[in-house]
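1. sequence plus predicted model, see below.
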Amino acid sequence: MDIATIGGLVISLVLVVFGITFNADPFGFQFDKLVNFIDYPSMLITFGGAFMALFTASKSAKEFLNNLKSFKLALKTLPSNETETITTIIELSNVARKEGLLALEEAANGIEDSFLKKGILLIVDGTDPELVRSIMETELISIEGRHKKTISFWEDLATMGPAWGMIGTLIGLVNMLQQMSDPNSIGPSMAVALITTLYGSLLANWIATPIAMKLKSSNDTEIMTKEVMVEGLLSIQAGENPRVIEEKLKSFLSPAMRDDLMNVEGGELNG
Amino acid sequence: MDIATIGGLVISLVLVVFGITFNADPFGFQFDKLVNFIDYPSMLITFGGAFMALFTASKSAKEFLNNLKSFKLALKTLPSNETETITTIIELSNVARKEGLLALEEAANGIEDSFLKKGILLIVDGTDPELVRSIMETELISIEGRHKKTISFWEDLATMGPAWGMIGTLIGLVNMLQQMSDPNSIGPSMAVALITTLYGSLLANWIATPIAMKLKSSNDTEIMTKEVMVEGLLSIQAGENPRVIEEKLKSFLSPAMRDDLMNVEGGELNG
Amino acid sequence: MDIATIGGLVISLVLVVFGITFNADPFGFQFDKLVNFIDYPSMLITFGGAFMALFTASKSAKEFLNNLKSFKLALKTLPSNETETITTIIELSNVARKEGLLALEEAANGIEDSFLKKGILLIVDGTDPELVRSIMETELISIEGRHKKTISFWEDLATMGPAWGMIGTLIGLVNMLQQMSDPNSIGPSMAVALITTLYGSLLANWIATPIAMKLKSSNDTEIMTKEVMVEGLLSIQAGENPRVIEEKLKSFLSPAMRDDLMNVEGGELNG
Amino acid sequence: MDIATIGGLVISLVLVVFGITFNADPFGFQFDKLVNFIDYPSMLITFGGAFMALFTASKSAKEFLNNLKSFKLALKTLPSNETETITTIIELSNVARKEGLLALEEAANGIEDSFLKKGILLIVDGTDPELVRSIMETELISIEGRHKKTISFWEDLATMGPAWGMIGTLIGLVNMLQQMSDPNSIGPSMAVALITTLYGSLLANWIATPIAMKLKSSNDTEIMTKEVMVEGLLSIQAGENPRVIEEKLKSFLSPAMRDDLMNVEGGELNG
Amino acid sequence: MDIATIGGLVISLVLVVFGITFNADPFGFQFDKLVNFIDYPSMLITFGGAFMALFTASKSAKEFLNNLKSFKLALKTLPSNETETITTIIELSNVARKEGLLALEEAANGIEDSFLKKGILLIVDGTDPELVRSIMETELISIEGRHKKTISFWEDLATMGPAWGMIGTLIGLVNMLQQMSDPNSIGPSMAVALITTLYGSLLANWIATPIAMKLKSSNDTEIMTKEVMVEGLLSIQAGENPRVIEEKLKSFLSPAMRDDLMNVEGGELNG
């Protein structure tokens, strides 16, 4: 469970509510002001328009729904990380060195990551190293391609939100300007017209952009972890020394993560 | 027939009409307000200006019309997809293995995709593998180049729409500011001036940007499908094992698509 | 003579004049309104400022004038195209095959394109194929580099137009706000202030951006045509079969252009 | 201690305070105006919203805090630079030439840079040159990857600041427009509404963008310094002449830095 | 002395002064209006803020001053150009062919360009061709890297100018809105508030952007000239025929420059 993402979303919302209801003089909160900021027709046009623009751009309704579901993905932490992956690969290289490549088949049973598992089975099958690299890199590129489509979905939503917010505001302004007989209604009419712009900004800067940035960062970590796997598996297949493999893979890590790795090793390998 | 694209376009339009006509107090729809949003001279300057900018940028009137026609393309689903392509190629590799490369000629008759067909005929003709790859990759690059021009057309339209909308608004504002004798006319005059900005935004965010995004996504799928074809054909020509070819090509697929592939194979190949 | 570009420029202008002068009620045109949109000092600051920014950025006054002259280039259609080029190269390959590489010298006399001509003469001189490729590709890169500078000129103009339009509007607004004694003059003063913004938008979206897009599209066609030439000439020098050369070069074409090619061949070669 | 960065931040703040408080007529400073520019709820929504958007985008609370801490990094000067690095490498190459590669181990003790130290130890261990290059380049790419994430953090903050400033202004405007009964309160209400936009602009242009630019420039220097190290170490391992190594590494330097290098050498090497 | 850059800067300024002071009715110039456009506190916050943002981003005060000094560089024409360079290299190749590579040392004395001189001396020293290429290309990349930093400085200034102009305007607006007791002061107060936006626009579009574009164009020319030098020197070292070298290097030139080259050669070589 990832606290940063959910926490950030909740605190942002609290800040918006605070900004709407807080009153300095007299000091206090006026929660009835919230009513002015909830306008269902404005929601329909801003959110509806933005999502429908992306629905129009979708290959199928199913793809659109899958992209929406990636929101849940953004809330999760990744199942594996670089440090764990390196520890696993060093263990695998020790197994391979002591008991041979075929012994990796059994070791693969305990591994959850399907990419790493597939790689091990290719090695166990005696696949040509060039083909192993080619298959795993094609898969890496395909995975990144799919991630990028999902990230684009949220980035496009961050563009479409303010765009449809502005369309809503323009509709409201034209309606207001056509019926300016009552000067007292100008203020509230304009307030309602501006609400779609506010909704569009919130859709972009409260939800869509941060989710896109989160998914981008998760993708970077996942791809780097998988690159570590490819390098590690090819080194194991080439029969390289576990010590050399560790040295090679550690280059992917930051100094802090290297300290983590040594602690893990101290506990799991040497302990 | 692709429901997402047409559905998205229609629902967006319904939302705009709803936003214009809905009235909260008294609750109901005022369809006569629609009249305020239909202004033929504003349409002429916004849509006319935006399309004429792209006409100016065209190599010929024919190219401009072809780009416009790509709108229909965006509504269609692609004729082939990755999963089907892989199934076809595995079938072809089985034919080639059992009956030799020349037997592919007959198999090619049943194939609709002209790119795949051309590749098979090159193989049957005994063309050098390097030349096959070179010819097919040049064609791939040319196809993508042509697609990108069409995508640019819609992206440029999404830029030109708001730009000419603003030109219309500026013309309206200058006209209005020069004749401010009657204060009562200011509101409606400004409303009319703003309508071109609204038209420009709708052209960009209701039509042009979603169509560009859809064409981009279709291009990605088509290019990936064709890359699968090139890899598959070269593997067939090299006489690789159908099992290895399947493993190689499956790397292009997402986990969900791999399940589809297995269902298809279960039905078509092993059934 | 290219109708699209000139036609687009003229129709856009007609649309702007229509937008300024058309009156719905009473229905008709008020051509005297045009006077309000012609303001020489505003022209001087907007167009002057934008062009002077690009003059400042120029290596020399001559380079600046050459860039301006590329406007005429944008109105022209290209002298050669892919289909013609392929037909020419196939003819050349037939000549070379039947009469030897030296016979190309005579054939080169009938060719107008100086790039193709230079390539043929290099081959006739017996230049090393690697050197032919290197010389022709360096030239290709240089040509594209020069084209890109010209395209940038128009793109920069499209940025500078609105920027100097806004400078003009800010000057007008400050002047107006300092002398607000007469309320009746506010409207017309503001109208004049806005005119520079209108001029800047027109410079960008009527002229500069479409011209830049046209030049970019011409460059793409020219570079692809020249790539076809390089590939074709090297194939001729390597003594490849005219039939294989045709197959190779046709990969550059769209299906529609291939049909054109066959018609041309039917008429010119087999007729 | 880096004067430019801290100096720039302080002087910018002084300029803002000056802009707020300075009065031309009567000439003097009105520091009580500062009160109008300090609004805690506005701060909460602008700064809170912007930082929470980045918190939402973070992998973990720890990563978010680490990114914030990079602010201190931007104030520091880098521990090593190109000129010093080249001097050190020439010294090392002299040691290696006179006393052999193993003598480098002792020399490594005096070196603070952990990247250079690691490289020396790899050489002393007799690691294969290809592996040395691969390990050091992977590390270089990882370091740059981590730097780029930190730079993105500040760039994203520079986007989110104005975005949340606008959200605050929209909330303020809607609240104001709903309660326009007292015309005298419109001015101050609008002033307060605009303050969030001002805060957002300051967050972006006083802090976030300059810090991002500083970190980018530091990254460029560090990566170039490390590239000099990799080239230098591989040349030492290959047993190249110290004179040739110097010539090679000097290509990385600007003419001014080369003069510095000669002064250092004159003092340290020949003195 | 480059007329375009200085001329462009001066004429732009004249146009701005014209835009401020020209009056259509009564026809004439009102130079006293200039006073309204000179506001020292506004200058301090706009120019001060923009430059301080870049000072914050600088590695050191020295680097900041060096970047400022590049303004003078933008006014200069480049010391060498492609056509001259090619003529020089052909002369050198003739010397090398007739008198041997060692004879180039003397020829190098007459050459001002330090990059070309260094290359000649490397050849005279008998340096390995691969090392010559590596050293010269590293230097080329370093030079371009340094140029790009300077160009970025002016591009960043073009971003920071309007940004700090807007900060100034926001400060002015908040101050004005807080003290709206006297309606007559609103106009002039708003005029003063807008002046920082005008200053920011002028900093960007009169100075910073054109200077950045000029430096970019100078860099392109310098890098291409240096690429010609590298190609030429390596061809001389390889002992290629001066005629072939000329053919190779001429590919870098435009048709017009080739005509210049022939005139120069006619005068200098064959005359």
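-> Thanks, I have it.
2. all helices for chain A, in order.
-> Taking DSSP state H as the criterion, chain A contains helices spanning A:3-21, A:40-43, A:49-56, A:61-75, A:82-99, A:104-109, A:114-124, A:129-178, A:186-202, A:209-237, A:242-250, A:255-268.
3. list the contacts for A:M224?
-> A:82, A:252, D:145 (CB atoms under 8 Å, 6 or more residues apart in numbering or on different chains). The C-beta positions use only the backbone N, C-alpha and C, and glycine is treated the same way.
4. repeat that with 7 Å
-> A:82, A:252 (CB atoms under 7 Å, 6 or more residues apart in numbering or on different chains).
5. pLDDT score for it?
-> pLDDT, A:M224: 93.
6. could you chop chain A up by domain?
-> Here the domain parsing of chain A from automatic domain parsing is A:1-38, A:39-267.
7. out of these, deepest packed?
-> domain A:39-267 (a mean of 19; mean count of other CB atoms under 10 Å in any protein chain shown).
8. most proximal residue of chain A with respect to chain C?
-> A:Q178 (14.5 Å; CB to the nearest CB).
9. what about that residue, distance to B:L34?
-> Applying CB to CB, to the nearest Å, the value for A:Q178 to B:L34 is 12 Å.
10. where does pLDDT dip in chain A?
-> Along chain A, segments meeting pLDDT under 70 span A:1, A:79-80, A:264-271.
11. thought A:T5 was touching A:L75, still the case?
-> Yes - counting by CB atoms under 7 Å, A:L75 touches A:T5, with 5.3 Å between them.
12. re earlier: how about the helices of chain A in CSV, adding distance to C:T56?
-> Listed next are these as CSV, based on distance: least, CB to CB, whole Å:
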stretch, distance to C:T56
helix A:3-21, 45
helix A:40-43, 47
helix A:49-56, 41
helix A:61-75, 47
helix A:82-99, 50
helix A:104-109, 66
helix A:114-124, 55
helix A:129-178, 34
helix A:186-202, 37
helix A:209-237, 37
helix A:242-250, 52
helix A:255-268, 48
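13. nearest to E:I236, of the ones you listed?
-> Set against E:I236 and scored by CB to CB, the helices of chain A come closest in helix A:129-178, at 41.5 Å.
14. re earlier: which one, of the domains of chain A, ends up nearest to C:L157?
-> Taking these one by one with CB to CB, domain A:39-267 is closest: 26.3 Å.
15. gap between that closest one and the chain center?
-> Its chain's average C-alpha position is 4 Å from that of domain A:39-267, according to CA atoms, centre = their mean, to the nearest Å.
16. over to stretch A:31-50?
-> Distance, centroid of stretch A:31-50 to centroid of chain: 27 Å (CA atoms, centre = their mean).
17. does it come close to chain B?
-> Yes - remark: stretch A:31-50 sits within contact range of chain B at A:41, A:44-45, A:48-49, by CB under 7 Å from any CB of the partner chain.
18. tabulate the domains of chain A in CSV, adding columns for distance to E:K149.
-> Listed next are the domains of chain A as CSV, based on distance: least, CB to CB, whole Å:
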stretch, distance to E:K149
domain A:1-38, 35
domain A:39-267, 27
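19. and the gap between the residue nearest to A:R146 when sequence neighbours are not counted and A:E144?
-> What sits nearest to A:R146 in space, not counting adjacent residues and going by CB to CB, 6 or more residues apart in numbering or on different chains, is B:S254, at 5.7 Å. Distance of B:S254 to A:E144, computed by CB to CB: 12 Å.
20. let me know the outermost residue of chain A.
-> A:S181 (50.2 Å; CA atoms, centre = their mean).
21. the closest residue to A:G7 other than its chain neighbours: what's it in contact with?
-> Closest residue in space to A:G7, ignoring its immediate chain neighbours: D:F55 at 6.6 Å, by CB to CB, 6+ apart. If you count contacts by CB under 7 Å, 6+ apart, D:F55 has them with A:4, A:7-8, D:64.
22. could you do A:A204 as well?
-> Contacts of A:A204 by CB under 7 Å, 6+ apart are A:158, A:161-162.
23. closest one to A:L122 out of these, please.
-> Among these, and counting by CB to CB, the member closest to A:L122 is A:A158, at 39.5 Å.
24. looking at it, that closest one is touching A:P210, isn't it?
-> No - the pair A:A158 / A:P210 is not scored as a contact, 9.2 Å apart, by CB under 7 Å.
25. residue of the stretch 1-150 of chain A nearest chain D, please.
-> A:G8 (3.0 Å).
26. wait, that residue sits on D:T56?
-> Yes - between A:G8 and D:T56 there is a contact under CB under 7 Å: 3.0 Å.
27. please enumerate the shared neighbours of those two.
-> Common neighbours of A:G8 and D:T56 (criterion: CB under 7 Å, 6+ apart): A:P210.
28. phi and psi next, for the residue nearest to A:R146.
-> phi -80, psi 160 (degrees, to the nearest 10).
29. quick check, it in contact with A:H147.
-> No - here B:S254 does not reach A:H147: they are 10.6 Å apart, not a contact under CB under 7 Å.
30. what separation is there between the nearest residue to A:L102 once chain neighbours are set aside and A:I111?
-> For A:L102, ignoring the flanking residues on the chain, the nearest one in space by CB to CB, 6+ apart is A:V124 at 6.1 Å. For A:V124, the distance to A:I111 equals 12 Å [CB to CB].
31. repeat that for A:K76.
-> On the measure of CB to CB, A:K76 and A:I111 end up 19 Å apart.
32. do A:K216 as well
-> Going from A:K216 to A:I111 by CB to CB gives 26 Å.
33. what do you get for A:Y199?
-> 46 Å.
34. before we move on, what about A:T5?
-> For A:T5, the distance to A:I111 - CB to CB - is 27 Å.
35. go on, A:L173?
-> Applying CB to CB to A:L173 and A:I111 gives a distance of 60 Å.
36. with A:T56 instead?
-> 42 Å.
37. same deal with A:V192?
-> Taken as CB to CB, the span from A:V192 to A:I111 is 57 Å.
38. try A:E246
-> From A:E246 to A:I111 the distance is 18 Å (CB to CB).
39. residue numbers of the stretch 51-200 of chain A in contact with chain B?
-> A:52-53, A:55-61, A:64, A:135, A:138-139, A:142, A:146, A:156, A:160, A:163-164, A:166-168, A:170-171, A:173-175, A:177-178, A:180.
40. what does the stretch 1-150 of chain A put close to chain C?
-> Counting by CB under 7 Å from any CB, the stretch 1-150 of chain A has no residue next to chain C.
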